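**Student:** I'd like to go over a predicted model; first the sequence, then the structure.
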Amino acid sequence: MVNFNATLIAQVLNFLILVYVLAKFAYKPVVRIMDERKNKIANDLDAAEKAKEEAEAVKAQYADKLANAKQEAQAIIDNARKTAQAAHDKIMAETKAEQDQVMASAKEAIALEKKKAMDDIRTQVISLSMIAASKIVEQKLGSEEDKKMAGKIVDSIISK
């Protein structure tokens with residue numbers, strides 16, 4: 001049979017009291033702390049997951065905004081190129097029209113100067129012809145001498 005002595009009973013009793021004291025004062029607080037820590041970790045994981053989702057949403061928004069900004073920038077550049085090309089074309093057309101006008105004015109001025117020069121030459125030729133004719137008539141030389149004199153006068157007119 002099993003011997004039950006007082007020390008064995010005292011040890012069992014001490015063990016049961018120790019289990020009760022540990023359960024009352026240590027086990028429940030440790031379990032409570034472990035539950036709190038478990039809940040805190042779960043909440044932190046949920047918060048981290050939400051933060052990750054928000055970060056991904058912000059990243060997607062940023063990518064969209066960046067793409068839109070690039071499109072707007074390209075549209076602005078294209079618009080500026082079109083405006084610059086239109087301004088260039090307009091300036092070139094105005095320059096061409098001005099050039100044509102200057103050329104027409106120059107041709108007109110040249111034509112007027114040419115007409116004036118021709119009129120001056122005509123007047124001088126008439127005047128010289130009148131002088132030559134009056135010298136020929138005044139001297140009333142023979143026909144051979146008249147021819148020589150006319151030739152000299154014409155030569156002098158041409159050489160001038």
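**Tutor:** Looks like it came in fine. If you're wondering where the values come from, they're calculated on a predicted model, not measured in any experiment. Residues are numbered from 1 along each chain as shown.
**Student:** which other helices and strands contact the helix or strand hosting Glu49?
**Tutor:** Using DSSP states H and E, Glu49 maps to helix 28-139. Applying 3 or more C-beta pairs under 8 Å, 6 or more residues apart in numbering; DSSP states H and E, one finds that helix 28-139 makes contact with helix 143-159. Glycine gets a C-beta too; all of them are placed from N, C-alpha and C.
**Student:** Show me the shaky parts of the protein.
**Tutor:** Scanning the chain with the threshold set as pLDDT under 70 gives 1-4, 136-147, 150, 154, 158-160.
**Student:** So which residue is dead centre in it?
**Tutor:** Against the mean C-alpha coordinate of the chain, by C-alpha atoms, centre = their mean, the closest residue is Ile77 at 4.7 Å.
**Student:** separation between Ala55 and Asp64?
**Tutor:** Distance of Ala55 to Asp64, given as C-beta to C-beta, to the nearest Å: 15 Å.
**Student:** Kindly report the same for Met34.
**Tutor:** 45 Å.
**Student:** now swap in Lys148 and tell me
**Tutor:** Distance of Lys148 to Asp64, computed by C-beta to C-beta: 107 Å.
**Student:** next one: Ala57
**Tutor:** From Ala57 to Asp64 the distance is 11 Å (C-beta to C-beta).
**Student:** Same check on Gln11?
**Tutor:** Applying C-beta to C-beta to Gln11 and Asp64 gives a distance of 74 Å.
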